[in-house]
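S.K.: Got a predicted model here, sequence first, then my questions.
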Amino acid sequence: MARIVDTGRSVVRRALEKVGRGWSKMQERRPLSYDLLESDDAYLVVFDAPGVRGEDVQVKFLDHTVEIRLDRFRDFYDGFDLLFPGRGLTLSSTAELPSDANVTPQGATATLTRSGTLEVEIPKDGAADDVTVVEEDDEDDRTD
């Protein structure tokens, strides 16, 4: 009887792993949600970026398009086995700025907040080539 129970658990575990990996891949293919905001001086694109560290963020700007790629990792927990690997590990998205936006990436910044968002600010009439990614300090108190 114990052998039947163990076999049943093994089948369930393999099924959960397979479904979880499929769910994870589906999440990786779906673009991240974002908000696009505009002020007199800049555009601000805010992406959801849960579970990401600053060194795992890539931001590019090409022809009025902000492109991001986020790589994240799964933490391991002593005494626990992963049954359902449902979170995507490589997430990406693009955000189109208005076609009449007069911007270049010079002076652009990307801030990864403690609350799990990536804020990309692109000044109007700027002139830099790279987007710098910074991570908020633990001491920063940010209010939304």
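M.R.: Here it is on my side, so go on. Since we're looking at a predicted model, the values are computed, not measured. Numbers count the residues shown, from 1 in each chain.
S.K.: hmm, which helix or strand of the chain has the shakiest average pLDDT?
M.R.: Least confident element among the helices and strands of the chain, by mean pLDDT, DSSP states H and E: helix 2-29 (a mean of 61).
S.K.: Name the next helix or strand downstream of it, please.
M.R.: strand 34-38 (DSSP states H and E).
S.K.: Who are the packing partners of the helix or strand following that next one?
M.R.: Later in the chain than strand 34-38, the nearest helix or strand by DSSP H and E is strand 42-48. Here strand 42-48 touches strand 34-38, strand 90-96, strand 117-123, going by 3 or more Cβ pairs under 8 Å, 6 or more residues apart in numbering; DSSP states H and E. Backbone N, C-alpha and C define where each C-beta goes, glycine included.
S.K.: With respect to residue 80, which of these lies nearest?
M.R.: Taking Cβ to Cβ, strand 90-96 is the member of these nearest to residue 80, at 23.2 Å.
S.K.: Give me the next element, helix or strand, following the closest one.
M.R.: In N-to-C order, the element after strand 90-96 by DSSP H and E is strand 109-112.
S.K.: Flag the shaky bits of this structure, pLDDT-wise.
M.R.: Low-confidence segments of the chain (pLDDT under 70): 1-9, 11-13, 15-29, 84-88, 126-132, 137-144.
S.K.: run the last query once more with 90
M.R.: For the chain, applying pLDDT under 90 flags the ranges 1-33, 48-55, 62-64, 71-77, 80-92, 99-107, 114-116, 124-144.
S.K.: ok, back up a step: may I see the helices and strands packed on strand 42-48 arranged in TSV, with mean neighbour count and distance to residue 69 as well?
M.R.: Shown next, in TSV, are these (neighbours: other Cβ atoms under 10 Å; distance: least, Cβ to Cβ, whole Å):
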stretch	mean neighbour count	distance to residue 69
strand 34-38	13	14
strand 90-96	17	5
strand 117-123	21	11
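S.K.: Tabulate those (JSON lines), appending distance to residue 10.
M.R.: Formatted as JSON lines, the helices and strands packed on strand 42-48 follow (distance: least, Cβ to Cβ, whole Å):
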{"stretch": "strand 34-38", "distance to residue 10": "41"}
{"stretch": "strand 90-96", "distance to residue 10": "29"}
{"stretch": "strand 117-123", "distance to residue 10": "40"}
